[in-house]
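Chemist: Just to be clear, the model below is a prediction. Sequence and coordinates:
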Amino acid sequence: MHENPSSMTDEEAVAMALLNKEFFGHIVLRYQDKLSSYVHRLGVRNEQDREDVLQNIFIKVYKNLNGFDRSLSFSSWIYRIAHNEAISWYRKTNVRPEGHMVYSGGEEIVQMLSTGEDSAEKMFDVQVNADEVQRALYELDEKYRDPLILRFFEHKEYEEIGDILKIPQGTVGTLIHRGKQELKNKLSQQHLHI
């Protein structure tokens, strides 16, 4: 066994947590910030609400750790739980997602809006108003918005997005492509020239 929990794989950390319940805290520390950002991007803006959603996520993970499907990556499994908890929160509170994404220099926006025929220089020359993109993104249908957030802000691969959203990998690519087109359409309706 590893002496340093941070050097363990997720699967090793899960195995340790199953043997020693106190070790579950290492899993919480490993995923707390990532899941907080993800839930925030999904639209749970209020810090107290986000803490409540995170608490529910980790309670579900703890209760279901024995049933973790080892055919999935642990990351996919825990993100799926986080996704479901955010959706549950919307339904309980009857609010529309009001996400507030934090952009690190806008690379995610440029990557999300670029298509195969766009040159990198052209896209990096584009000045995109993050607030306008945020508004347009949250006007998208959830079936397009969620894959875009997972791909471009959480940096998940298509296979993992499929696992998280419980959709075929081929469908992920289609939804991302269509979502990018829908987003561009909404932005052009807002008179942004992309």
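Modeler: Ah, there it is.

Chemist: okay, and for the chain, where does confidence drop off?
Modeler: By pLDDT under 70, the low-scoring segments of the chain are 1-3, 94-131, 191-194.

Chemist: Quick check, central residue of it?
Modeler: By Cα atoms, centre = their mean, the chain has its centre lying nearest to L150, at 4.0 Å.

Chemist: my guess is that residue meets I161, correct?
Modeler: Yes: in this structure L150 lies within contact range of I161 using Cβ atoms under 8 Å: 4.7 Å. No exception for glycine: its C-beta is placed from N, CA and C like everyone else's.

Chemist: How many neighbouring residues does the residue lying closest to E154 once chain neighbours are set aside have?
Modeler: Spatial nearest neighbour of E154, excluding adjacent residues (Cβ to Cβ, 6 or more residues apart in numbering): Y38 at 5.8 Å. Neighbours of Y38 under the rule other Cβ atoms under 10 Å: 24.

Chemist: Y38: which element?
Modeler: Here Y38 sits within helix 24-42, counting by DSSP states H and E.

Chemist: Could you do E182 as well?
Modeler: helix 169-189.

Chemist: what's next to that helix, contact-wise?
Modeler: 112-113, 115, 132-133, 136-137, 139-141, 143-145, 147-148, 151, 158-159, 161-162, 165, 167, 194 (Cβ atoms under 8 Å, 6 or more residues apart in numbering).

Chemist: from those residues, which ones fall inside strands?
Modeler: With strands taken from DSSP state E, there is no overlap with these.

Chemist: What residues of stretch 156-166 count as buried?
Modeler: 156, 158, 160-165 (16 or more other Cβ atoms under 10 Å).
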